[in-house]
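Colleague: here is my input, please return the structure:
(2 chains)
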Amino acid sequence: MRQSELFTKTRKEAPKDEVAKNAKLLIRAGFVHKEMAGVYSYLPLGLRVLKKINNIIRREMDAIGGQELFLTALQDKSVWEKTNRWDDSVVDNWFKTKLKNGSELGLGFTHEEPLTKLMKEHISSFRDLPAYPYQIQTKFRNEIRAKSGIMRGREFLMKDLYSFSKDENEHNSFYEKAKGAYGKIFASVGLGDMTYITFASGGSFSKYSHEFQTICEAGEDIIFVSEEKKIAVNKEVYDDKTLEDLGLKKEELKEEKAIEVGNIFSLGTRFSEAFNLDYTDENGEKNPVVMGSYGIGPGRLMGAIVEIFSDEKGIVWPESVAPFGVHLLRLGGDSEVMSQADGVYADLQNAGMEVLYDDREGASAGEKFADSDLIGIPWRVVASAKTAAAGKLELKNRKTGEVKMADKKELLEEIANY
RNA sequence: CGGAGAGUAGUGUAACGGCCAACAUUCCCGCUUUGGGAGCGGGCGACUCCGGGUUCGAAUCCCGGCUCUCCGACCA
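Modeller: Next comes the predicted model:
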């Protein structure tokens, strides 16, 4: 895409009411717009990143049998009354509204209830199980205090998968698969090295749930990490008994701040029993379906990536989620430079690469460099009088800072082989 | 929900209770310029968050509201 046609602009300064690094950089670079506290819109560059993250998540969910659907945000009060989760004294972060006729509605903060009810229409025999529906959808939570930029909103995107299994065994085996899939997702977006499976409180149906915690100073959680065993314990369950359960010793654990980028829960039969979601087994006996839920916040993940992969000049996107693969900068408008730049733009695109082409007439060289660093595309290619005369182009890696001159062929190889 | 702070052009800042609310940047026009946010000239843009009050006079002081941020509690 030609940058002269991109409607968003970069800014030198972030709004003063933003403190979180992720929001400052994403706003300055034109990825997001803050509508109000805890409510952010995604602009074209931001949406490109979000879509890449979502697609990585989809790939891994589909790989373990997930089937994508899309549930409603508007929620029927009566469904939530079945599990006693409608009342504000039980769930205090509901957004509620009313129909014209006065009926109360809620804006979904999660989807166990409506989905369990929906699945009653599709599950009646052991032959119908297991089932793994998931969605990537907006959730609404009336948080008392929004903070941490896009990492903690009142309206945010969430991938939520729910597992419906015949029994504990089947559930546990899927639960382990989901754990593996989550590991792949976080590795794919570049956070593998600093993300730990973390034991956290399990609610009423299992001793522990598992969170995926990414170590980061901007995190809101405190975890105790065993680097050797690649696991961690959330502070909320950190006590002698837990350590004994997990076979961990205090000495091997290190306290860290972390961002919860995902979590997986065993739900047991709490929801299936509330909705009478059961199936008939091979012997003609009825059994309640065993459930689990598995969440990831793509927006929060994007925020975490920015928190971790950035420097004083801007964002440094991992290639897998970068809005574009290559940022092509044209310095000056001589006909030689113009034809060199236009030529590489076409070549890169023909090679299947996503290219942001800074063809802006008015912007100075310095401005283009500064914008390029801020936006953080992994590869920067410069076409200028210098490169046109040399018959080569300059290639720079945003992460390593490494610069080299290369002709078109070498350029394509270098980028493809990285 | 407890505590603290802040609201002035799109953005970042300034202005003793007293001249036309200033500066930078963004934006527009012209010229010049193209390897690290370039230069010169001209121009647009603010009922100083809202509502009251004190005062000869309020961006400035007082009261109420709204919004934002930070710390804490809570949470994907």
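
Colleague: so what's residue A:309 up against?
Modeller: A:190, A:315-318, A:376 (C-beta atoms under 8 Å, 6 or more residues apart in numbering). Just so you know, the C-beta spots here come from the backbone N, C-alpha and C atoms, and that holds for glycine as well.

Colleague: quick one: buried ones out of the residues you listed?
Modeller: For these, a burial check counting by 16 or more other C-beta atoms under 10 Å picks out A:190, A:315-318, A:376.

Colleague: flag every residue of the stretch 1-150 of chain A that's near RNA strand B.
Modeller: A:9-20, A:28, A:36-38, A:92-93, A:141, A:143-148 (C-beta under 7 Å from any atom of the strand).

Colleague: in helices, which of those residues appear?
Modeller: residue A:28 (DSSP state H).

Colleague: for the spatially most central residue of chain A, give its distance to residue A:401.
Modeller: The centroid of chain A falls nearest to residue A:298 when counting by C-alpha atoms, centre = their mean (2.3 Å). For residue A:298, the distance to residue A:401 equals 29 Å [C-beta to C-beta, to the nearest Å].

Colleague: report the mean confidence score over stretch A:280-298.
Modeller: For stretch A:280-298, the mean per-residue pLDDT is 97.

Colleague: what about that stretch, near RNA strand B?
Modeller: Yes - for stretch A:280-298 and RNA strand B, the contact criterion (C-beta under 7 Å from any atom of the strand) is met by A:295, A:297.

Colleague: distance across that stretch, terminal residue to terminal residue?
Modeller: 37 Å (C-alpha to C-alpha, to the nearest Å).

Colleague: with stretch A:307-323 instead?
Modeller: 16 Å.

Colleague: quick one: that stretch near RNA strand B?
Modeller: Yes - shown here: stretch A:307-323 in contact with RNA strand B (C-beta under 7 Å from any atom of the strand) through residue A:313.

Colleague: give the buried subset of the residues of the stretch 1-150 of chain A next to RNA strand B as a ChimeraX selection command.
Modeller: Buried residues within these, by 16+ other C-beta under 10 Å, are selected in ChimeraX with:
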select /A:10,14,18,20,28,38,141,143,146,148
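
Colleague: the residues of the stretch 1-150 of chain A next to RNA strand B in strands, which ones?
Modeller: residue A:36 (DSSP state E).

Colleague: show the residue spans covered by the helices in the stretch 201-350 of chain A.
Modeller: A:240-246, A:270-274, A:298-308, A:335-350 (DSSP state H, counting those that start in this stretch).

Colleague: worst mean pLDDT among those helices?
Modeller: helix A:240-246 (a mean of 90).

Colleague: please name every helix or strand in contact with that one.
Modeller: strand A:231-234 (3 or more C-beta pairs under 8 Å, 6 or more residues apart in numbering; DSSP states H and E).

Colleague: the strand it packs on - which strands sit beside it in the sheet, and in what orientation?
Modeller: The strands that strand A:231-234 pairs with in its sheet are strand A:195-201 (parallel), strand A:221-226 (antiparallel) (by DSSP bridges).

Colleague: tell me if that strand is near RNA strand B.
Modeller: No - counting by C-beta under 7 Å from any atom of the strand, RNA strand B is not contacted by strand A:231-234; separation bottoms out at 10.1 Å.
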